[in-house]
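[1] Just the structure for this:
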Amino acid sequence: MLSLSKTPGRDFTVLNLTDPQLGTDEWQPGHPNGEILIGTVRELVGRVRPDLITVSGDLSWAGHDAAYDALADLLDSFSVPWAPVWGNHDNQGGPENVESVVTRYLRHPLCLYERGPRELGSGNYVIRIEEDGRPVTALVMMDSHDRDPFTDASGKETLVWARLIPEQISWYREQIRALEADGCRDSAMILHIPIYAYRTAFAAAFRDGLDPKSVSAAQSADGSVWNEGYRDSFGVLWEEICSFPGEDHVFDAIRALGSTKYVLAGHDHVNNTVIRYHGVHLVYSLKTGPGCYWDPRLNGGTALRITSEGIADVRHEYVDPSPWMPDKS
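    The predicted structure is shown next:
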């Protein structure tokens with residue numbers, strides 16, 4: 001496990017970015033997409049003043065080596081440790097392509113990353129946040145892969161968005177038990193593709209009869225669109241939940257162990273719901289920049305605030321991208 005120190009009496013802040021996903025050409029000087037992403041990240045870091053930056057997948061597109069390097073250089077420029085997990089687009093080039101990026105990233109002293117067991121994918125690892133040598137929480141970083149075969153009710157087999165494999169769930173249990181043995185009973189999971197429970201949580205929380213696409217981010221925060229027991233939820237769901245379509249049993253393990261109180265995912269660029277479901281906050285991180293597709297109203301990042309007792313809360317930090325957008329007047 002990797003470790004970072006929290007200053008006693010001071011909150012430790014994690015800034016999560018997700019789906020920056022620019023191609024090599026978009027990182028060329030003057031390209032508007034690059035300008036928006038760089039401006040957004042600089043604004044976030046200046047505002048949030050994070051102690052750690054995490055990136056929950058789709059850093060770029062597989063094979064765009066120069067884009068991965070440009071993102072690493074940008075993150076290095078803030079003199080803050082940073083830690084990635086891989087998304088489906090990162091994994092589309094296969095493990096050899098991911099490993100070529102990993103080899104370069106590990107030359108960056110501020111990059112926190114461990115390859116983890118190769119049979120589980122690329123980059124399953126844990127970052128402990130410690131205060132006076134005592135772990136107060138941990139970030140369990142997990143590779144959600146790319147695509148998996150799935151057989152539907154009619155017997156038709158298709159390729160769908162992937163899931164954590166059973167061996168990863170076993171590995172997760174081992175990490176949580178090791179943390180518990182050291183006195184830590186608080187953690188967050190960070191991955192790219194949401195787990196299946198995001199579907200059941202939204203179905204339980206969102207008020208029947210409403211079209212999710214008609215609800216604005218501001219409206220989502222007033223409680224009226226959520227069912228009783230879920231009024232502290234917020235955020236919008238403007239596209240389908242693109243998890244594996246069958247039960248993955250990840251949430252069963254989370255609930256049984258009782259350590260993980262926050263799960264952060266990306267992948268679906270215009271979803272940013274935060275729903276507390278059976279005591280666990282299922283968080284869609286706020287998309288960072290215009291890469292691939294976006295809605296400029298949902299641009300920014302997501303911050304976790306950590307105290308000496310563990311993770312205290314989560315918030316979205318919205319950044320207006322208009323200062324870096326081309327003038328169409």
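[2] residues touching Leu112, list them.
    Shown in contact with Leu112 (CB atoms under 8 Å, 6 or more residues apart in numbering): Leu2, Leu4, Leu52, Pro81, Trp82, Ala83, Ile127. Using the backbone N, CA and C atoms, a C-beta is placed for each residue, glycine as well.
[3] Among these, which one lies nearest to His145?
    Proximity of these to His145 (CB to CB) peaks at Ala83, which lies at 18.3 Å.
[4] Can you verify the closest one is assigned to a strand?
    Yes: under DSSP: H, G, I helix; E, B strand; the rest coil, Ala83 falls within a strand.
[5] That one contacts Leu52, correct?
    Yes: in terms of CB atoms under 8 Å, Ala83 counts as a neighbour of Leu52; the distance is 6.7 Å.
[6] Compare those two and say which is more crowded by neighbours.
    Just comparing Ala83 and Leu52: by other CB atoms under 10 Å the higher neighbour count belongs to Ala83, 26 against 21.
[7] who does the more buried one bridge with?
    Ala83 has these beta-bridge partners by DSSP bridges: Thr54.
[8] First-to-last residue distance for stretch 54-73?
    Stretch 54-73 has an end-to-end distance of 14 Å (criterion: CA to CA, to the nearest Å).
[9] mind listing what's buried in that stretch?
    The neighbour-count check on stretch 54-73 (16 or more other CB atoms under 10 Å) flags 54-62, 64, 67-72 as buried.
[10] Which ones among those map onto strands?
    Using DSSP state E, the members of those that fall within strands are Thr54, Val55, Ser56.
[11] okay but the first one is in contact with Met142, surely?
    By that I understand Thr54. No: Thr54 lies out of contact with Met142 (CB under 8 Å); the separation is 11.8 Å.
[12] which residues are common contacts for the two?
    With CB under 8 Å, 6+ apart, Thr54 and Met142 have common neighbours Val85, Ile190.
[13] mind checking the backbone torsions on Phe150?
    Phe150 adopts backbone torsions of phi -150, psi 130, taken as degrees, to the nearest 10.
[14] Now for it: which residues touch it?
    Listed by CB under 8 Å, 6+ apart, the contact set of Phe150 reads Glu157, Thr158, Leu159, Val160, Phe244, Pro245, Gly246.
[15] switch the cut-off to 6 Å
    When contacts are counted by CB atoms under 6 Å, 6 or more residues apart in numbering, Phe150 touches Val160, Pro245.
[16] Relative to Gln168, how far out is it?
    In this view, Phe150 and Gln168 are 17 Å apart by CB to CB, to the nearest Å.
[17] For stretch 264-278, which residues meet the burial criterion?
    Neighbour-count burial for stretch 264-278, with 16+ other CB under 10 Å as criterion, is recorded at 264-277.
[18] residues in contact with Gly235?
    Contact analysis of Gly235 by CB under 6 Å, 6+ apart lists Ser220, Asn272, Thr273, Val274.
[19] one more time with 7 Å, if that's ok
    By CB atoms under 7 Å, 6 or more residues apart in numbering, the contact list for Gly235 reads Ala217, Ser220, Asn272, Thr273, Val274, Tyr284.
[20] can you list those in CSV and add secondary structure, pLDDT and distance to Ile36?
    As requested, the contacts of Gly235 are arranged in CSV below (DSSP: H, G, I helix; E, B strand; the rest coil; pLDDT from 0 to 100; distance: CB to CB, whole Å):
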residue, secondary structure, pLDDT, distance to Ile36
Ala217, helix, 96, 19
Ser220, helix, 97, 24
Asn272, coil, 98, 18
Thr273, coil, 98, 23
Val274, strand, 98, 24
Tyr284, strand, 98, 20
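[21] ok, back up a step: I'd like the contacts of Leu112 laid out as a markdown table, including pLDDT.
    What follows is these, written out as a markdown table (pLDDT from 0 to 100):
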| residue | pLDDT |
| --- | --- |
| Leu2 | 97 |
| Leu4 | 98 |
| Leu52 | 99 |
| Pro81 | 98 |
| Trp82 | 99 |
| Ala83 | 99 |
| Ile127 | 98 |
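[22] out of those residues, which are buried?
    Buried by 16+ other CB under 10 Å: Leu4, Leu52, Pro81, Trp82, Ala83, Ile127, out of the contacts of Leu112.
[23] can you redo those residues as CSV with distance to Gln175?
    Output for those, formatted as CSV (distance: CB to CB, whole Å):
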residue, distance to Gln175
Leu4, 16
Leu52, 18
Pro81, 19
Trp82, 21
Ala83, 15
Ile127, 11
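[24] What is the nearest of those to Ser308?
    Using CB to CB, Leu4 comes nearest to Ser308 of the buried ones among the contacts of Leu112, at 14.2 Å.
[25] What residues are bridge-paired with the closest one?
    Where Leu4 sits in a bridge, its partners, by DSSP bridges, are Ile129.
[26] Thanks again, I'm all set now.
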